[in-house]
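Engineer: okay, predicted coordinates and the sequence, questions at the end:
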Amino acid sequence: MLDSVTNRPELPPEIARRRTFAIISHPDAGKTTLTEKFLLYGGAIQMAGQVRAKGEARRTRSDFMQMEKDRGISVSASAMSFDFDGFRFNLVDTPGHSDFSEDTYRTLTAVDAAVMVIDGAKGVESQTQKLFEVCRLRDLPILTFCNKMDRESRDTFEIIDEIQEMLAIDVTPASWPIGVGRDFIGCYDLLRDRLELMDRADRNKVAESISIEGLDDPKLAEHVPAHLLEKFLEEVEMAKELLPTLDPQSVLEGHMTPIWFGSAINSFGVKELMDGIGRYGPEPQPQKASPRQVCPEEKKVVGFVFKVQANMDPKHRDRVAFVRMASGHFKRGMKLTHVRTKKPMAISNPVLFLASDRELAEEAWAGDIIGIPNHGQLRIGDTLTEGEALRATGIPSFAPELLQTVRAGDPMKAKHLEKALMQFAEEGAAKVFKPSFGSGFIVGVVGALQFEVLASRIEMEYGLPVRFEPSQFTSARWVSGEKPAVEKFINANKQHIATDHDGDTVYLTRLQWDIDRVERDYPDLKLTATKEMM
Ligand code: G4P
């Protein structure tokens, strides 16, 4: 049977109830606060305040390092699972800082939807827009939460207009705020005809929810002061005339976003948003792979690695590969094929991430995210199957925008440095190039802060102080083509050639002019700024 909205086969109930999503927002819009309330209502934490510490730690660079030191916190924040109203939510964290856009991009390949949080006073900010564009590349459905309505915020129409114009997406109100700033008393839930009243006295109290028989119900006047009611009714009438009504199909296609208004810190509007994610958010979607896509309803298990995090637990010095289950029903102990090496792997201690603890995952369904501790076998882009030679596609690796050479403070420790660098390359935290001429390594990143984080991690995890220094090169391009053509090119350009951690050939240069020249002189070669991770 086909589902009437998605045009896809009806999924087994265990899979159909899964919602796997990320939150995208500009720093300070309220992502951490909202996450915390999700976990609270999902029963994953008992008390407000457990996630907050992390949000505050993000504020400064040194605190960021501190957070990196305390890997326990960032582990649990990478992927969190919780239940709400019959749904299983898998929330995947996106790194907050704009320097980590590549990591963010890969994270967004593992989710089926995004919740966009904006600050009601600030509207669409730069990082919101960037992240939105990444979601758009994949037509991800987006649900919007307009936060901080308890404070002085912009006019509701103005916020909606700004989203429509800046992000070129239809916006449909799921709720409508009543009053602004100090006068804000709550929202009218337009999808379920309920009045939700905020309790300013108790931040942790969930809103009082009153059932209303439509907008002409006299009950409204009992709860809403006359001066607010008149304006509210006028606005809703205008909204009905001017704004599109909710079209679930359009939401699933990423063309329309429903918007909820609320205040995460006051626990207001959060449950309605969660309900919306359940009702209008997508079920687990087919995943791109070669030579064919993988559908969640397939019986056999397929999963792909979208993130690797090393040394999360200093006591164990392990690595965890984060795997998005693309199909089937996984059970602990299963033997899967590691497609890249064609070797079997017994997955005996997979972990599921529940807010503050790791827990052994006895089973997982398509849509879930599990962590697989390993000793380096699993890399970003790797695929695990029950034998079929499938390869996840669409997980790109971007050419770095900044290159620096790196040296160990102690030259005797060069081998250790190589090991550390390879680990970070496999984690996807940096590109590492070994030039064919001379010694040492060139490290490439997307944002400057990554050099600081790398230096601090190499020192912390390997006890090795390092120095990053300017390199003579500023750009890197992967080289591909027929073997003789590549060899001829390598021989003629030795000073510019390096290999990456997979052994692939890279052309390093300082000038765009060089790249243009190579493209002109070597028409049989391809120079690319992205490489698919595999
Ligand atoms: P982020 O993860 O997106 O960076 O945002 P975070 O949740 O850390 O929130 C940023 C700031 O906004 C915090 O204030 C937080 O308390 C506040 N905030 C979150 N939601 C709301 C809301 O609905 N209304 C209001 N008025 N404020 C909200 P802070 O001053 O930086 O921290 P704190 O001193 O409050 O802990």
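Structural biologist: Happy to help now that I have it.

Engineer: from here on, contacts and neighbour counts on C-alpha atoms
Structural biologist: Noted.

Engineer: sec struct for Lys307, please.
Structural biologist: Three-state call for Lys307 (DSSP: H, G, I helix; E, B strand; the rest coil): strand.

Engineer: residues touching Leu197, list them.
Structural biologist: Contact partners of Leu197, counting by C-alpha atoms under 8 Å, 6 or more residues apart in numbering, are Ile185, Gly186, Cys187, Ala207, Glu208, Ser209.

Engineer: now the second one. Nearest residue, chain neighbours left out?
Structural biologist: This points to Gly186. Once flanking residues are discounted, Gly186 sits nearest to Leu197: 4.5 Å by C-alpha to C-alpha, 6 or more residues apart in numbering.

Engineer: got phi/psi on the one you found?
Structural biologist: In terms of degrees, to the nearest 10, the main-chain angles of Leu197 are phi -110, psi 130.

Engineer: how near is it to Lys148?
Structural biologist: 15 Å (C-alpha to C-alpha, to the nearest Å).

Engineer: cool, Leu252 as well?
Structural biologist: Distance from Leu252 to Lys148, by C-alpha to C-alpha: 26 Å.

Engineer: one more: Phe398?
Structural biologist: 35 Å.

Engineer: bridge partners for whatever residue of the stretch 151-300 of the chain ends up closest to the ligand, pull those for me.
Structural biologist: Of all residues in the stretch 151-300 of the chain, Ser263 sits closest to the ligand, at 3.2 Å by C-alpha to the nearest ligand atom. Residues in a beta bridge with Ser263, per DSSP bridges, are Phe268.

Engineer: residues contacting it?
Structural biologist: Cys146, Asn147, Lys148, Met149, Asp150, Gly269, Val270.

Engineer: could you find which two of those residues are furthest from each other?
Structural biologist: Asp150 and Val270 (13.5 Å; C-alpha to C-alpha).

Engineer: list residues touching both of the two?
Structural biologist: Gly262, Ser263.

Engineer: pull the helix or strand with minimum mean pLDDT from the chain.
Structural biologist: Ranked by mean pLDDT, DSSP states H and E, the weakest helix or strand in the chain is helix 61-69, scoring a mean of 36.

Engineer: may I have the distance across stretch 245-253, first residue to last?
Structural biologist: 15 Å.

Engineer: buried sites along that stretch?
Structural biologist: Thr245, Leu246, Pro248, Gln249, Val251, Leu252, Glu253 (16 or more other C-alpha atoms under 10 Å).

Engineer: now tabulate those residues in JSON lines and tack on secondary structure and pLDDT.
Structural biologist: Formatted as JSON lines, the buried residues of stretch 245-253 follow (DSSP: H, G, I helix; E, B strand; the rest coil; pLDDT from 0 to 100):
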{"residue": "Thr245", "secondary structure": "coil", "pLDDT": "96"}
{"residue": "Leu246", "secondary structure": "coil", "pLDDT": "97"}
{"residue": "Pro248", "secondary structure": "helix", "pLDDT": "97"}
{"residue": "Gln249", "secondary structure": "helix", "pLDDT": "96"}
{"residue": "Val251", "secondary structure": "helix", "pLDDT": "97"}
{"residue": "Leu252", "secondary structure": "helix", "pLDDT": "97"}
{"residue": "Glu253", "secondary structure": "coil", "pLDDT": "96"}
